[in-house]
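Student: I'll drop the sequence and a predicted model, then ask my questions.
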Amino acid sequence: MDIVDIARQAGMTVVLEARIGRQEYHSVHGSLAALQSFAERVRASTMEEAMAVEQD
């Protein structure tokens with residue numbers, strides 16, 4: 001699960017604030033509707049991953 005990708009898909013703005021070595025620091029901004037969409041997408045992704053593990 002790429003949480004930054006999910007945030008962008010939900011309509012949130014993801015800004016790279018800094019990069020120190022290999023570590024990146026981001027800020028995430030968005031509306032409450034985008035936050036709700038983000039939460040729903042994370043829940044769906046988590047459920048998909050759990051179902052894939054159960055099938056293995």
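Tutor: Received it, and whenever you're ready, just let me know what you need.
Student: Centre of the chain to the helix ranked longest in the chain, how far?
Tutor: Identified as the longest helix of the chain according to DSSP state H is helix 32-55. In this view, helix 32-55 has its centroid 9 Å away from the chain centroid, taken as CA atoms, centre = their mean, to the nearest Å.
Student: Check which helices and strands it sits against.
Tutor: Counting contacts by 3 or more CB pairs under 8 Å, 6 or more residues apart in numbering; DSSP states H and E, helix 32-55 packs against helix 3-9. Placement of C-beta: from N, CA and C, glycine included.
Student: Just give me how far the helix or strand that the helix it packs on is followed by sits from the chain centre.
Tutor: Under the assignment DSSP states H and E, the closest C-terminal helix or strand after helix 3-9 is strand 13-20. Strand 13-20 sits 14 Å away from the centroid of its parent chain (CA atoms, centre = their mean).
Student: lowest-confidence helix or strand of this structure?
Tutor: helix 32-55 (a mean of 93; mean pLDDT, DSSP states H and E).
Student: Would you mind getting the angle between it and strand 13-20?
Tutor: If you take axes from the mean of the first three to the mean of the last three CA atoms, to 10 degrees, helix 32-55 sits at 70 degrees to strand 13-20.
Student: how about helix 32-55: buried residues?
Tutor: Under the neighbour-count criterion of 16 or more other CB atoms under 10 Å, helix 32-55 has 34, 37-38, 41 buried.
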